[in-house]
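Engineer: After the sequence you'll find the predicted model.
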Amino acid sequence: MADAATIIQAALTGLMQGGVYALISIGLTIIFGVLGIINFAQADFMMLGMYVALTLFLSLAISPILLFFLLLPVFIVFGAVIQRGLIEPIIDEQEDAQLILTFGILLILQNGMLAIFGSSPQTISVPYSSSAFRIGWITLNQAKAIAFVFAITTAFAIFLLLRYTEFGRAIRATADNTTAAGYAGINVQWVYMVAFGLGIALTASAGALLVMYFPASPTVGFDFIVLMFVVVVAGGLGSVKGALIAGLVIGVIESLSVVWLPLELQPATIFVMFLLVVLLRPQGLFGTAERGV
């Protein structure tokens, strides 16, 4: 039986990891909440962000923390271009067309990175990747702690942006009722483009934080895509607040499972929580019957 110190250590470690889970999942929930698209390629944009950060760090010695802020505007534009060129033409098509398209983007990103970087995992080596903050008997990895602070701060800023700004009101109106938003004078196509770009940018820039302690590989998206969908569904489809809280909770549960459960059962804990939420509250912890942000 694990002692209290081990449990607290595991819970705090999971909480820090959960902050990054929340940020990458908020990007996905914004895209679904506004555009109604299930983006299978979302985790591979995170992978792309990891490789961009890795390349700029190795070639120009730019700090991953600075890269986090640099990648945000770059990927907003990149995501907006993809939405305008690829997503917009099929946005009113059946869901199978959307799934095929996003799966095709996934394959392009994965195979492109495989051709450029090979299959060997790579990571950024910075002093704080292997250093720790010590608070009494609690040890916190510095890279994970830094990633947690930036992820939670960004997630909270996005929540405030959506809740209290004119831009946020336009996004929420479009998510709630596209037709009514258009009649109210909102440029729905522009909102779609910016929301998709923002969703991609949040996930991709989180890759700059993640690569400080998690190896980048062309298939790293497979390690996160299921988890991202679990976070989004558990938190409530389209709910930014729900994705934030669910990401933190799932990070803690995942970490505590290492302490309490044998190796074979650890991956099942997240799915058990997912199934319980679906059975007891199908709309998610903070979701409603209608999609929205």
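Structural biologist: Perfect, I can see it now. Numbers count the residues shown, from 1 in each chain.
Engineer: From now on I want contacts and neighbour counts done on CA atoms only, so please keep to that.
Structural biologist: Noted.
Engineer: Tell me the pLDDT of the nearest residue to F103 once chain neighbours are set aside.
Structural biologist: Using Cα to Cα, 6 or more residues apart in numbering and skipping residues adjacent in sequence, the residue nearest F103 is F40, 5.6 Å away. pLDDT, F40: 90.
Engineer: quick thing: my sequence starts at 2, can you match it?
Structural biologist: Renumbered: residue one is now 2, and that last one reads F41.
Engineer: secondary structure element for F41?
Structural biologist: Here F41 is covered by no helix or strand, with elements defined by DSSP states H and E.
Engineer: need the contact list for it.
Structural biologist: F41 is in contact with L100, T103, F104, L107, I226, counting by Cα atoms under 8 Å, 6 or more residues apart in numbering.
Engineer: mind pulling up the phi and psi values for it?
Structural biologist: With angles defined as degrees, to the nearest 10, F41 sits at phi -70, psi -20.
Engineer: how far away is it from V78?
Structural biologist: To V78, F41 is 20 Å away according to Cα to Cα, to the nearest Å.
Engineer: now swap in L102 and tell me
Structural biologist: Going from L102 to V78 by Cα to Cα gives 20 Å.
Engineer: ditto for T30
Structural biologist: 19 Å.
Engineer: Okay, now the unreliable bits of this protein?
Structural biologist: Within the chain, the segments meeting pLDDT under 70 span 2-3, 264-265, 286-294.
Engineer: Give the other helices and strands that the longest helix seen in the chain contacts.
Structural biologist: For the chain, the helix with the greatest residue count under DSSP state H is helix 5-36. The helices and strands touching helix 5-36, judged by 3 or more Cα pairs under 8 Å, 6 or more residues apart in numbering; DSSP states H and E, are helix 43-61, strand 139-142, helix 143-165, helix 167-177, helix 189-211, helix 222-236, helix 241-261.
Engineer: give the contact list for S132.
Structural biologist: Contact analysis of S132 by Cα under 8 Å, 6+ apart lists N142, Q143, A144.
Engineer: just the residues you listed now: which is nearest V250?
Structural biologist: Distance to V250 across the contacts of S132 (Cα to Cα) is lowest for N142, with 19.1 Å.
Engineer: Identify the bridge partners of that closest one.
Structural biologist: Counting by DSSP bridges, N142 forms beta bridges with A133.
Engineer: My guess is it contacts I136. True?
Structural biologist: No. In this structure N142 lies outside contact range of I136 using Cα atoms under 8 Å: 11.4 Å.
Engineer: Who has more neighbours out of those two?
Structural biologist: N142 (17 against 8; other Cα atoms under 10 Å).
Engineer: Please report how far the more buried one lies from A11.
Structural biologist: According to Cα to Cα, N142 and A11 sit 12 Å apart.
Engineer: Nearest residue to the middle of the chain?
Structural biologist: Centroid-nearest residue in the chain, with Cα atoms, centre = their mean: I25, separated by 1.0 Å.
Engineer: give the contact list for it.
Structural biologist: A44, M47, L203, T204, A205, A207, M229.
Engineer: Dump these into TSV; add distance to A116 and neighbour count as well.
Structural biologist: TSV is the format used below for the contacts of I25 (distance: Cα to Cα, whole Å; neighbours: other Cα atoms under 10 Å):
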residue	distance to A116	neighbour count
A44	18	30
M47	18	28
L203	25	30
T204	22	29
A205	20	34
A207	23	30
M229	26	25
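Engineer: Looking at those, which one is closest to F151?
Structural biologist: Nearest to F151, judged by Cα to Cα, of the contacts of I25 is A207 at 9.0 Å.
Engineer: Report whether the expected contact of that closest one with A152 is present.
Structural biologist: Yes. Here A207 lies in contact with A152, judged by Cα under 8 Å, at a distance of 7.2 Å.
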